[in-house]
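K.L.:
Need a 3D model of the following:
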Amino acid sequence: MKTKAVRFSCYFVIASIILALVIPAAFALGSNDIQVTIDEINQGRISYTIDSQAAYSNALAVTAVYNEKMQMVDIRRTPLNISVGSNTYFVNFSNSFECAKVFLVDANTYKPLSRCATRAVDYYSVQFRDYNGTLLSEQLVRSGSKAVRPSPPTRNGFIFAGWSPALDSISDDTVYTAQYLTGQEQNIFRVETKTGSVGNTVTVSVKLEGTVLLSGFDMKLYYDENLLEYVGHDAELSLDVTANKVSGSNRIAFNYSSYKNVASPKEILQVTFRIKNADQDFAPIWIDPISVCYTAQNGELPPAEFHIAEGGVMIR
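P.N.:
Numbers count the residues shown, from 1 in each chain. You can find the predicted model right below:
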């Protein structure tokens, strides 16, 4: 392992020397026949386009990434056979970085073939707003990452359900708006919100509320594994529920099926977590449906209405 580390270090030093010599030339010289553009940086994935007016069979694409102090943290060298026209290429990095440079050189002489393309990582404005427009949280989120859910808001007479649109990787300025349920809807799967401190265990319940009708659901309960450590679960609260922790993942799969209408809310699942750290003041827990099974009514399979209300753990 030490030999590999030394070898990598030597390669890195050599590459750094080459870059120190070639990058200034790539800025000053380069060919007008070959243009390089960095199209997108999505987490550690860089996509770039080469527009060429001539074919070149002995090119080397050099991609270097830098931290916020503009210190190089990694480099990739990719042999290319450049064809006439526009072609897109991708390169992946495991190290975190804030800026990337891509340029082309002759693989033998290291003579610059293109000017150096530079692009910084994009950041976008993300807002979380309540139903009435009140600003609850504002964040600057790196392109390709997800925003951090704030603590769930409250509204008298309503159940907080989640955010619209659904949280996903950020690629533009985004506004999330709180969604609520009246509590009278059919088949509401609601995750409780509990409070705890780092190192403590906390048990969160999943309750079925609203107008509960005979039907069946396959669900997955997700949690933030950076903040919460799974300890165990109890699905013996109801004969209508089976559940199991999906190995190597941050989810618990569970199935609910009822052969009769339920007149009052029922607790169907309990999951116990240990709070790992306080990097955020709220650890979200949410449910995604896998499939829905319908009970025949008059020989038909009508759509079963259901709703999901996310919860989590408030970290003190």
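
K.L.:
contacting residues around the spatially closest residue to residue 44 that is not a sequence neighbour?
P.N.:
Spatial nearest neighbour of residue 44, excluding adjacent residues (CB to CB, 6 or more residues apart in numbering): residue 93 at 4.4 Å. In this view, the C-beta of every residue, glycine as well, is placed from N, C-alpha and C. Residue 93 sits next to 44-46, 65, 74, 76 when contact means CB atoms under 8 Å, 6 or more residues apart in numbering.

K.L.:
Kindly recompute the last result at 10 Å.
P.N.:
41, 43-46, 63-65, 73-76, 100 (CB atoms under 10 Å, 6 or more residues apart in numbering).

K.L.:
of the residues you listed, buried ones?
P.N.:
When these are checked for burial by 16 or more other CB atoms under 10 Å, the buried set is 41, 46, 63-65, 73-75, 100.

K.L.:
Which one of the residues you listed is nearest to residue 278?
P.N.:
residue 73 (28.4 Å; CB to CB).

K.L.:
In helices only, show me the contacts of residue 93.
P.N.:
Assignment to helices by DSSP state H places none of these there.

K.L.:
Out of those, which one has the weakest pLDDT?
P.N.:
Within these, residue 43 has the lowest pLDDT, namely 83.

K.L.:
mind listing what that residue touches?
P.N.:
92-93, 96, 121, 142-145, 169.

K.L.:
which of these count as buried?
P.N.:
Buried residues within the contacts of residue 43, counting neighbours by 16+ other CB under 10 Å: 93, 121, 142-145.

K.L.:
Is it possible to get TSV of these that adds distance to residue 161?
P.N.:
Formatted as TSV, those follow (distance: CB to CB, whole Å):
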residue	distance to residue 161
93	38
121	33
142	27
143	28
144	26
145	24
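
K.L.:
Identify, from these, the entry nearest to residue 50.
P.N.:
Of all these, residue 50 sits closest to residue 93, with 19.0 Å by CB to CB.

K.L.:
how near is the closest one to residue 81?
P.N.:
Using CB to CB, to the nearest Å, residue 93 is found at 23 Å from residue 81.

K.L.:
partner residues bridging the closest residue to residue 105 other than its chain neighbours?
P.N.:
Sequence neighbours aside, residue 60 is the residue nearest to residue 105 in space, at 5.2 Å (criterion: CB to CB, 6+ apart). Counting by DSSP bridges, residue 60 forms beta bridges with residue 79, residue 105.

K.L.:
number of nearby residues for residue 60?
P.N.:
Using other CB atoms under 10 Å, residue 60 has 16 neighbouring residues.

K.L.:
What of residue 304?
P.N.:
16.

K.L.:
Give me the nearest residue to it, chain neighbours excluded.
P.N.:
residue 215 (4.1 Å).

K.L.:
wouldn't the one you found be in contact with residue 255 here?
P.N.:
No - using CB atoms under 10 Å, residue 215 is not in contact with residue 255; the gap is 11.7 Å.

K.L.:
Looking at the two, which is more packed in?
P.N.:
residue 215 (21 against 17).

K.L.:
domains of this structure?
P.N.:
Domains of the chain are assigned by automatic domain parsing as 2-120, 183-315.

K.L.:
Sounds good, over and out.
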